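# One predicted model, sequence on top.
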Amino acid sequence: MVRKRTAILISGRGSNMTALIEAARDPSYPAEIVLVVANRPDAGGLQRAAEAGLETAIVDHKSFGKDREAFEHALQEVLQAHRIEIVCLAGFMRLLTAWFVAQWPERMVNIHPALLPDFKGLDTHRRAIEAGAKEHGATVHFVVPEMDSGPVIAQGRVPVFADDTESALAARVLAIEHRIYPLALKLVASGRVRVENGRCVIEGPVSNQEAAFLPGAAQ
Ligand code: GRF
């Protein structure tokens, strides 16, 4: 098996990044994390990545002023220089243009802390509580130009309790994020996720436990 050369893009603490790095420690995992890129020099995850022995890079969007394209071209150059095949956005807080997205068709995935299509954008936990949602969660999806959209690969659900606080709910969701992201990357890297009519279809057998996270798996 040739493992897929994977880059993780972060802006912050990188707990999802760490979950992916841990999963990829297993030599039979189909993705190899070869690079972590941050758009902020102070992203906490950079140190964690370096401690894990990974190569890191900083492409600071601020040094490009308002020129989004120049920032993205610089990012693309770094990814190409490392012969990256799959890009994982993990708390990467920059919107990407259609041009950049088009460089990574069905090869770039993102994790969003809500049950998409509900609660796109920011402050998802507060909004879920305010809306009186009984259930909340996280979604891993292929990236398309429209923000927090794109075919859903994996989704994990958690209950919302009557007396929930934003931080308690965030922690519950984060724990599920750390389970579904490694699962989604495993399936994408092994070529088992096909997009059909805008939906993901998972090929091959999955365990019952995995099926609970995979809307596109055969029942
Ligand atoms: C996560 O909640 C992720 O879903 C969202 O940003 C947060 C990043 O957390 N996109 P971390 O940096 O992975 O800890």
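That came in fine, so what should we check first?
# Remind me what the longest helix along the chain packs against, helices and strands.
Longest helix of the chain, by residue count under DSSP state H: helix 166-189. For helix 166-189, the elements it packs on are strand 4-10, helix 15-23, strand 31-38, strand 86-89, strand 108-112, helix 124-130, strand 135-142, strand 152-159, judged by 3 or more C-beta pairs under 8 Å, 6 or more residues apart in numbering; DSSP states H and E. All C-beta spots, glycine's among them, are computed from the backbone N, C-alpha and C.
# Contact residues of the chain facing the ligand?
10, 12-17, 90-91, 111-113, 138, 174, 177 (C-beta under 6 Å from any ligand atom).
# give me the low-pLDDT residue ranges for this protein?
When residues are selected by pLDDT under 70, those of the chain lie in 219.
# Which segments of it make up each domain?
1-104, 110-219 (automatic domain parsing).
# want to try a markdown table for those domains, with mean neighbour count as columns?
Formatted as a markdown table, the domains of the chain follow (neighbours: other C-beta atoms under 10 Å):
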| stretch | mean neighbour count |
| --- | --- |
| domain 1-104 | 18 |
| domain 110-219 | 18 |
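# quick one: stretch 196-206 to chain centroid distance?
When distances are taken as C-alpha atoms, centre = their mean, to the nearest Å, stretch 196-206 is centred 18 Å away from the chain's centroid.
# Now do that stretch: everything it contacts.
With C-beta atoms under 8 Å, 6 or more residues apart in numbering as the test, stretch 196-206 has contacts from 142, 151-153, 187, 192-195, 214-218.
# on that earlier part again, name the next helix or strand following the longest helix of the chain along the chain.
On the C-terminal side of helix 166-189, the closest following helix or strand by DSSP states H and E is strand 193-196.
# and that following strand, which strands flank it?
Under the criterion DSSP bridges, strand 193-196 sits next to strand 199-202 (antiparallel) in its sheet.
# Tell me the helix or strand right after the partner strand.
Downstream of strand 199-202, the first helix or strand assigned by DSSP H and E is helix 208-211.
# Alpha carbons of that next one, in PDB - could you do that?
Output of helix 208-211 as PDB, limited to C-alpha atoms (Å, rounded to 0.1, in the frame of the first residue of the first chain):
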ATOM      1  CA  ASN A 208     -21.400  -1.200  12.700                       C
ATOM      2  CA  GLN A 209     -19.600   1.300  14.800                       C
ATOM      3  CA  GLU A 210     -18.200   3.100  11.700                       C
ATOM      4  CA  ALA A 211     -21.500   2.900   9.900                       C
END
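# Residue 148: which element?
Applying DSSP H and E, one finds residue 148 in no helix or strand.
# That one contacts residue 121, correct?
Yes - contact criterion C-beta atoms under 8 Å: residue 148 and residue 121 qualify, at 6.6 Å.
# follow-up on the earlier one: the longest helix of the chain to strand 135-142, inter-axis angle?
30 degrees (axes from the mean of the first three to the mean of the last three C-alpha atoms, to 10 degrees).
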